[in-house]
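Student: below is the structure, and that's it, no one-letter string:
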């Protein structure tokens, strides 16, 4: 039995080595094989759907099959181990979200921030501090005052996720007390906010564009460096002297040791693919616009900045290793 | 004496499991004080385990003094089949899904007393091939092929 | 009204018609394969709908969704391997019927009950979608907790075996649901360092294991018994007397399904379990459920298909998917640049009615498909078991592996299979375990959320009328038997006395 397993493993590794060799020897004609995009969730849901659309759009540019591989588990750590086990030849691309960064920070990941290199960003959805349209909190100051005097019930997704880290960073910087109510999805706590079950929430524009337009929700401040194009009148937290910037981003990375030329081919194909009407239409469907798309340089530095910001907060919260 | 105690075996197994799982709940990491808001992570599992323990004791009490119901005899075939399924699981990583399926489709009919050899062989070849074609081409799902992966996608 | 007509006008567009038909047939087939549920099929097809116009694209997915829910019942009945979670309850009585040689009767009933349930719920949707959207909007954590308590109140009576064992099984299911990271504290529970367990144990491998693998092991035990297969009986469809008997069950389950369906995040699995339990509760043959009662098929099948239509309401009106498949359809809307939410009904009512029209057509198609197919598929039950079960095993492995591409899920399926075999041997049924798993995270999360919202004051549940309603239903569900028994005892002497007077 043991012997069988060993020889089997040997054969498999020989086979992969042969594949890897044939791939590297023909660097000119990259890509000559199917490219996989590794997603950390089951089929369905935002990250998976985005990746599937991006895969289709990129496929049209590259002329080779691009498919989505679902590797669910461990807050992205299963996907990251899988990517790590693959050769750095550009045929394995990983979809990445803030969750992956926080998993790295918690020390639960086989990959480190220095092992990955950003290719392109697909969606950027800053977190907006939001209250009900008829709330007595007219400005972010009202909310902060109320939070200093009492407790604000704040809705978000799971503990340790980007919503939670963002809310806790904000509360800490502003000296507020926040009671965090975790929900399964953004739409769920948006509904809870409109019912009045919670006082405030960190929501994305993608979930609330119509409600803001109708006056059901009132955006108080954006957790970003610059004001959003869609909400030109809403101040950012940094304008208010709070250096807090969190966003629900989804983008793509490869292992850092992937040849530069291949990275560029992939980046160009993804960016070109995302310019297509189909992808733009999808962005519209999730309430975003073309500012979401970003190339390797800016996307990579954004990943690193978010990692650092997350690191500080998580150490303060006692979550990071 | 023990033969006149219905459900003794499952009761004991359940109680042991409850105790073991309760011990595991004591190893859960604690929450930073900042987010401890009411319910602790251990609260629900412990409540469920407690309820299970009580219910198991009730079951044992109800079964005391009753004769165990007649159960179908477990034949050796069941054990070998169970072993086969486990072996198949261990072989997936190496042989891949298609090859392992071919083996199980060959061995299980033999084990279960099928004697028409020709039929078995045809069956053991066709079933995995059909499944492979169905999933890989029609449904676009990639299955691990182990040592066959250089030839099957 | 004109919106309804505009919406239903897609039924005369040949392109739409073709993709809806295609979606229905793919849905039935994929739904029937264990492990491959309609949510996966929809997710896999999603990117290809880009090439279609929005209305036919969404209609196709909706049709696939409807048909997939029905398809699950086929394998549930024939081989005790529910093709999809909502069909789990159908296996309880469907498989015993197939074993008795009445596969055709069971399949035919499943098709008819599904269609009636689906159609009734669609009629309700067309007439009252905006009003139903308001109901689903008013469901917050406290209401969910109350609903979950109502669900738990059914555990003791959900199958005919000993109530204590049912409760132990239910507790076991609840315990399975605690595996993974706790939503409200972020603490890992029972993960044993396996990262695949971090997001919790997937439901599908548990389901396949408990039903199909456990049955495979039981089949290994059958000692060369020559099973007499009377093929003429096996393909016989249900009779008119059957339908006369089950129509109250179908109506009741359609109502239950529609209601559970419109609740955000509560899918057809729960509807089917409640539909089954209520069918059992009100049936004259309640104690025979689990041995092949035809009402035990009509109950869950009408409910799960009614819930399928219902779940589109919160998906479209709130952007909160009413089920896993609806979540993927939500992605489908977004691909086409359609933003679901409170304003979709006002801005694009035609789209809504087109979706309903597509689901309506899907129901008609799979009624035909189901009745014709029932005669065809029922022959599967005639395949010698030595050839049938290895195939079932192969399909189960692929199904368990396919969802998350994970060997851990295959292991979970095997463990669930071995456990299921022993549990069944000692009189613990699968029904309460499934119910426990379905309710598990709902109970805990909604309670934790409610307590934070209520500032840890449990009395504030009394401020929520819907929650009170469900608590009362739960109390009724628990105590109706003793109370009715008492009433009956109270009445009997009197009727005896009146007889005596005559």
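Tutor: Yep, that arrived. Owing to the predicted nature of the structure, the values given are computational and were not obtained by experimental measurement.

Student: what is the neighbour count of residue 109?
Tutor: All of this refers to chain A. 24 (other Cβ atoms under 10 Å in any protein chain shown). In this view, the C-beta of every residue, glycine as well, is placed from N, C-alpha and C.

Student: wrong one, chain C
Tutor: 32.

Student: can you check residue B:118 too?
Tutor: Neighbour tally, residue B:118, other Cβ under 10 Å: 7.

Student: doesn't it belong to a helix?
Tutor: Yes: counting by DSSP: H, G, I helix; E, B strand; the rest coil, one finds residue B:118 located in a helix.

Student: what about the closest residue to chain A within the stretch 1-150 of chain C, helix or strand, and which?
Tutor: With Cβ to the nearest Cβ, the shortest gap between the stretch 1-150 of chain C and chain A falls at residue C:43, namely 3.2 Å. Counting by DSSP states H and E, the element that carries residue C:43 is helix C:38-45.

Student: beyond that helix, next helix or strand please.
Tutor: Toward the C-terminus from helix C:38-45 - assigned by DSSP H and E - lies helix C:54-79.

Student: ok, now which ones touch residue C:436?
Tutor: Applying Cβ atoms under 8 Å, 6 or more residues apart in numbering or on different chains to residue C:436 gives the contacts C:155, C:169, C:170, C:171, C:172, C:173, C:174, C:175, C:176, C:177.

Student: now it: which helix or strand?
Tutor: Per DSSP H and E: helix C:430-453 holds residue C:436.

Student: which residues does the residue of the stretch 1-150 of chain C closest to chain A contact?
Tutor: With contacts defined as Cβ under 8 Å, 6+ apart, residue C:43 is in contact with A:43, A:44, A:48, A:52, C:328, C:331.

Student: repeat for residue B:97
Tutor: Neighbours of residue B:97 in contact, by Cβ under 8 Å, 6+ apart: B:128, B:132, B:143, B:144, B:145, B:146, C:397, C:398, C:401.

Student: test my guess that the second one contacts residue B:144.
Tutor: No: shown here, residue B:132 and residue B:144 do not form a contact pair, counting by Cβ atoms under 8 Å, at 11.6 Å.

Student: just the strands from the stretch 201-321 of chain A, written as ranges.
Tutor: Along the stretch 201-321 of chain A, counting by DSSP state E, counting those that start in this stretch, strands occupy A:217-222, A:247-255.

Student: got a markdown table for those strands, with mean neighbour count and mean pLDDT too?
Tutor: Shown next, in a markdown table, are the strands of the stretch 201-321 of chain A (neighbours: other Cβ atoms under 10 Å in any protein chain shown; pLDDT from 0 to 100):
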| stretch | mean neighbour count | mean pLDDT |
| --- | --- | --- |
| strand A:217-222 | 23 | 94 |
| strand A:247-255 | 24 | 93 |
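
Student: closest to chain C out of the ones you listed?
Tutor: strand A:217-222 (10.8 Å).

Student: about what we covered before: please list which of the contacts of residue B:97 are also close to chain A.
Tutor: Applying Cβ under 8 Å from any Cβ of the partner chain to the contacts of residue B:97, one finds that residue B:146 fall near chain A.

Student: from the contacts of residue B:97, which single one is nearest residue C:309?
Tutor: Using Cβ to Cβ, residue C:398 is the member of the contacts of residue B:97 that lies nearest residue C:309, at 29.8 Å.

Student: name the element residue C:292 belongs to?
Tutor: Using DSSP H and E, residue C:292 falls outside every helix and strand.

Student: what's the spacing between it and chain A?
Tutor: Computed as Cβ to the nearest Cβ, to the nearest Å, the residue C:292 to chain A distance reads 35 Å.

Student: that residue and residue C:93 touch, don't they?
Tutor: Yes: using Cβ under 8 Å, residue C:292 is in contact with residue C:93, at 5.4 Å.

Student: contacts only, for residue A:304.
Tutor: Contacts of residue A:304 (Cβ under 8 Å, 6+ apart): residue A:113.

Student: number of residues surrounding the closest residue to residue C:418 other than its chain neighbours?
Tutor: Closest residue to residue C:418 apart from its sequence neighbours, by Cβ to Cβ, 6 or more residues apart in numbering or on different chains: residue B:82 at 6.7 Å. Residue B:82: 19 surrounding residues under other Cβ under 10 Å.

Student: what helix or strand does residue B:82 sit in?
Tutor: helix B:76-111.

Student: give me the mean pLDDT for that helix.
Tutor: Averaged across helix B:76-111, pLDDT comes to 91.

Student: do the same with stretch C:476-484
Tutor: Stretch C:476-484 shows a mean pLDDT of 78.

Student: is it up against chain B anywhere?
Tutor: No: applying Cβ under 8 Å from any Cβ, one finds stretch C:476-484 separated from chain B by no less than 15.1 Å.

Student: let me see the mean pLDDT of stretch A:127-146.
Tutor: Stretch A:127-146 carries an average pLDDT of 93.

Student: wait, I meant stretch C:305-312
Tutor: 88.

Student: and what of stretch C:53-62?
Tutor: Stretch C:53-62 comes out at a mean pLDDT of 86.

Student: that one near chain A at all?
Tutor: No: using Cβ under 8 Å from any Cβ, stretch C:53-62 never reaches chain A; the gap is at least 9.3 Å.

Student: buried set for that stretch?
Tutor: C:54, C:55, C:56, C:57, C:58, C:59, C:60, C:61, C:62 (16 or more other Cβ atoms under 10 Å in any protein chain shown).

Student: which stretches of the chain have low pLDDT?
Tutor: You didn't say which chain, so I picked chain A. Within chain A, the stretches with pLDDT under 70 are A:1-28, A:321.

Student: could you do chain B instead?
Tutor: B:1-3, B:31-38, B:140, B:153.

Student: all good on my end, thank you.
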